[in-house]
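*Asks:* prediction below, plus the sequence it came from.
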Amino acid sequence: MTEHPSPDVTVIIGAYEAMPYLVKCLESVENQTIGADRVEIVAVDDGSTDGTGEYLDEFAARSKVRTRVVHQANSGGPGGPRNTGIELAEGRYVFFLDADDHFGEEALERMVAMGDRAGTDVILGKVVGVNRGAPKSMWGATVERADIYTSNVKFTLSAQKLFRRELLVRHGMRFDTSMRTGEDALFTMEAYLRGSGVSVVADPTCYYLVGRDDGKHITKTGHYDIRFVSAQRLMELIAEHERPGKKRDQLMVRPFATTLLPQFGHVLLRQDEEALRHKLELAAPLMKKYWTPGVARLLKPEDRLRLTCAALGKGAELMAVLEFQRTRQKAEKVTSRGRTYLALPHFRDRAAGIPDAAYEIVGPPLHRRLRRKARRVAGAVRRRLVGSGR
């Protein structure tokens, strides 16, 4: 039994060779407006040799934020330290803060307030990239309860989010340390699916995703085989929780568009024929099991066509599409029987045998068009009222 009150948030920091970035990372936790008494840090030194472990011990000895430091042998990835942190966490919420990154000052206060107000189990705070890219499409507005199927929250599955610890305890959720990449996507998608809702805090900026000067980002390394394993595991998780149909298709877009599609992109123009053959073999069982017309229609024609070629095992046709795109040629639009198509390579080529549906330009769903129209009408009304002085 602890002698101190349980904190609102446990910030879990897995640190490996994290100097000097760790200094600003820890300072950003100390400077949180939520107050030092409502936060604890569980920092796991994952076998560092650059002074990371020593700095964590020094910080723990002097910081106003209660800090526990664990020193362990290198585990080979971020999942091990995060799992150690989950075991030791006492907060109502946990946040996985990477040692290279740092918080915005109001991050934890805003996210905890949102979780308490909305009763949600996962809270996303706006992420901004520093010297690297960051997801953008999901930060348009603060939302108390986002629809994981129709919104873009499914396109941010990194672990840097606020999770209600009770959810993790109830389902025994941990990061899969056998995976070399994508373990965070698997963990976060499971939380989305099992939790009581997802919230979005779009303002202010909560998290700064920092690009290291030395370029050490594990997600950028590794053979392409591990991407197919990552996609497969995520597809299996989605299928386990959602029966075939519209909702499953809306979630399946994520592993197809984010994980598989890049493997059938311009990188193939730099790889040999053996790589193409191998990738088609790796993709075949996933395409057969999870690629549906519903998933396909949620993608734009250029992306849909590339994955359709992969699904049909048509390597030569795929390479023709990539070469067409590389030369920045513009495809003609063709209207036939009330449908409009983008005449990319092999459109209506009988020998190629690619269905017209792969080329069709599909508009946004009706409900989305109606929402856009409603916003335009509301905007016009507001402008008229302002102009009339009412």
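*Replies:* Structure's in. What do you need? Numbers count the residues shown, from 1 in each chain.
*Asks:* going by C-alpha atoms from here, please, whenever you check contacts or count neighbours.
*Replies:* Will do.
*Asks:* what about residue 328, how many residues nearby?
*Replies:* 9 (other CA atoms under 10 Å).
*Asks:* correction: the previous question concerned residue 121.
*Replies:* 23.
*Asks:* residues contacting it?
*Replies:* If a contact means CA atoms under 8 Å, 6 or more residues apart in numbering, then residue 121 has 115, 163, 164, 167, 191, 195, 196, 197, 198 as its contacts.
*Asks:* buried residues in stretch 45-60?
*Replies:* 45, 46, 47, 48, 52, 53, 55, 56, 57, 59, 60 (16 or more other CA atoms under 10 Å).
*Asks:* I meant to write stretch 123-140 there.
*Replies:* The neighbour-count check on stretch 123-140 (16+ other CA under 10 Å) flags 123, 124, 125, 126, 127, 128, 135, 138, 139 as buried.
*Asks:* so for it, mean pLDDT?
*Replies:* Computed over stretch 123-140, the mean pLDDT rounds to 96.
*Asks:* measure how far that stretch is from the centre of its chain, please.
*Replies:* Distance of stretch 123-140 from its chain centroid, counting by CA atoms, centre = their mean, to the nearest Å, is 10 Å.
*Asks:* again with stretch 151-166
*Replies:* How far stretch 151-166 lies from its chain's middle: 8 Å, per CA atoms, centre = their mean.
*Asks:* contacts for stretch 176-185?
*Replies:* Against stretch 176-185 from outside (CA under 8 Å, 6+ apart): 77, 79-80, 157-159, 175, 187, 218-219, 226-227, 230-231, 234.
*Asks:* buried among these? Need that as a selection in PyMOL.
*Replies:* Here is the PyMOL command that selects the buried residues among those (16+ other CA under 10 Å):
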select buried, resi 77+79+80+157+158+159+175+187+227+230+231+234
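*Asks:* among the contacts of stretch 176-185, which pair sits farthest apart?
*Replies:* Pairwise distances across these (CA to CA) peak at 20.7 Å, for the pair 80 and 231.
*Asks:* before we move on, back to that, from the buried residues of stretch 123-140, which ones fall inside strands?
*Replies:* Per DSSP state E, strands hold the following members of the buried residues of stretch 123-140: 123, 124, 125, 127, 128.
*Asks:* so which helix or strand takes in residue 25?
*Replies:* Assessed by DSSP states H and E, residue 25 sits inside helix 21-30.
*Asks:* distance-wise, check residue 129 relative to residue 152.
*Replies:* Computed as CA to CA, to the nearest Å, the residue 129 to residue 152 distance reads 18 Å.
*Asks:* could you give the number of residues near residue 74?
*Replies:* The number of residues packed near residue 74 is 14, by other CA under 10 Å.
*Asks:* quick check: it touching residue 17?
*Replies:* No - using CA atoms under 8 Å as the test, residue 74 is too far from residue 17 to be in contact (10.4 Å).
*Asks:* got any residues that touch both of those two?
*Replies:* Joint contacts of residue 74 and residue 17 (CA under 8 Å, 6+ apart) are residue 48.
*Asks:* quick one: contacts for residue 128?
*Replies:* Applying CA under 8 Å, 6+ apart, we find residue 128 in contact with 134, 135, 205, 207, 208, 209.
*Asks:* hmm, back to that, among the contacts of residue 121, name the buried ones.
*Replies:* For those, buried by 16+ other CA under 10 Å: 115, 163, 164, 167, 191, 195, 197, 198.
*Asks:* of the residues you listed, which belong to helices?
*Replies:* Cross-referencing the buried ones among the contacts of residue 121 against helices under DSSP state H gives 115, 167, 191.
*Asks:* got the residues you listed as TSV, with pLDDT columns?
*Replies:* Below are those laid out as TSV (pLDDT from 0 to 100):
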residue	pLDDT
115	98
167	98
191	98
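*Asks:* which one of those residues is nearest to residue 85?
*Replies:* residue 167 (15.1 Å).
*Asks:* my guess is that closest one meets residue 193, correct?
*Replies:* No - assessed by CA under 8 Å, residue 167 is found out of contact with residue 193, at 11.1 Å.
*Asks:* for residue 13, which residues are in contact?
*Replies:* 41, 42, 43, 44, 81, 82, 85, 96, 97, 98, 99.
*Asks:* any idea how far residue 192 is from residue 120?
*Replies:* For residue 192 relative to residue 120 (CA to CA), the value is 10 Å.
*Asks:* identify the contacts common to these two.
*Replies:* Among the neighbours of residue 192, those also in contact with residue 120 (CA under 8 Å, 6+ apart) are residue 198.
*Asks:* can I see the domain layout of this structure?
*Replies:* With domains defined by automatic domain parsing, the chain comprises 9-220, 225-359, 362-390.
*Asks:* quick one on the thing from earlier: so of the buried residues of stretch 45-60, which ones are in strands?
*Replies:* Members of those lying in strands (criterion: DSSP E): 45, 46.
*Asks:* where do the helices sit along the stretch 1-150 of the chain?
*Replies:* 21-30, 52-62, 79-88, 107-118 (DSSP state H, counting those that start in this stretch).
*Asks:* and those: which comes nearest residue 271?
*Replies:* Of all the helices of the stretch 1-150 of the chain, helix 79-88 sits nearest to residue 271, with 30.8 Å by CA to CA.
*Asks:* that closest one - what's its average pLDDT?
*Replies:* The pLDDT scores in helix 79-88 average 97.
*Asks:* now it: buried residues?
*Replies:* Within helix 79-88, the residues scored as buried using 16+ other CA under 10 Å are 79, 80, 81, 82, 83, 84, 85, 86.
*Asks:* contact partners of it?
*Replies:* By CA under 8 Å, 6+ apart, the surrounding residues in contact with helix 79-88 are 12-15, 42-46, 75, 94, 96, 174-177, 183-184.
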